[in-house]
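Novice: Could you work out the structure for the sequence below:
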Amino acid sequence: MSEEETQVVFRVPLWISVPITVLISLVASSLTLGLYALALWSSFIAWAEYFALGAKPDALKPIWLLFPLGALTMAFFALFNHIFIINFGWNSWVSVAVWLFIWVLIAVYIMQFHPIFQRGNLPYFNGLSMFLALYFALYLPGGFSCPAGVGCGPVTGNPYLDPWILWIWISLSGIFGGFLGWLNIQLSFPKVVKVSKS
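Specialist: Numbering: from 1, shown residues only. Prediction:
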């Protein structure tokens, strides 16, 4: 006697739905929003997380919660770094080394206090690293230099405000990336079928 199992079949193959999703993401952000564009490379990281976490809608919760939280820890790093360089005259290398060590330590330490971190450590660390990637690519002493379309948001040149603007835009890029993962699956028109197991 054979048993029945269910299997998901994609009626549109991924090699077609992925480029369609990429085009949608370009039109929805980089090509139309200018200064308010998201960092799509960061969104694509979160898109990959959606697949790494099972490519099901419940993968959105850790992405949408922990990607911004990881980035938030580094927004505090950036704020403390700016305060100590500008207000206390610290050497920028020393300030970065001290505050990056402390805030990464804090970011990792708090992971022990909630089980969601066990499932969501990938989006958490990606949020952290995406903030740092954009921060160190664009930061100049005294503020950011961010051309339109790069994805750091409408930064002002205010070193105390810009870390929070960058945090918002990195967080939005992660949230958008989770949505792109979900959309990619929907554009594949998945269908659950029963298959017999001998």
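Novice: okay, CA-based contacts and neighbour counts for the rest of this
Specialist: Noted.
Novice: Beyond the lowest-mean-pLDDT helix or strand in the chain, next helix or strand please.
Specialist: The helix or strand of the chain with the poorest confidence is strand 143-144; it has a mean of 63 (mean pLDDT, DSSP states H and E). The C-terminal neighbour of strand 143-144 among helices and strands, as given by DSSP states H and E, is helix 162-187.
Novice: For that next one, which helices and strands make contact with it?
Specialist: In terms of contacts (3 or more CA pairs under 8 Å, 6 or more residues apart in numbering; DSSP states H and E), helix 162-187 is packed against helix 14-25, helix 40-52, helix 60-86, helix 116-138.
Novice: Pretty sure residue 14 sits against residue 189.
Specialist: No: between residue 14 and residue 189 there is no contact under CA atoms under 8 Å: 10.1 Å.
Novice: about what we covered before: a markdown table please, covering the helices and strands packed on helix 162-187 and showing mean neighbour count and distance to residue 170.
Specialist: Putting these into a markdown table (neighbours: other CA atoms under 10 Å; distance: least, CA to CA, whole Å) gives the following:
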| stretch | mean neighbour count | distance to residue 170 |
| --- | --- | --- |
| helix 14-25 | 14 | 15 |
| helix 40-52 | 22 | 7 |
| helix 60-86 | 22 | 7 |
| helix 116-138 | 20 | 6 |
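Novice: Indicate which one of the ones you listed is closest to residue 171.
Specialist: helix 60-86 (4.5 Å; CA to CA).
Novice: C-terminal to the closest one, what's the next element?
Specialist: Downstream of helix 60-86, the next assigned helix or strand under DSSP H and E is helix 92-109.
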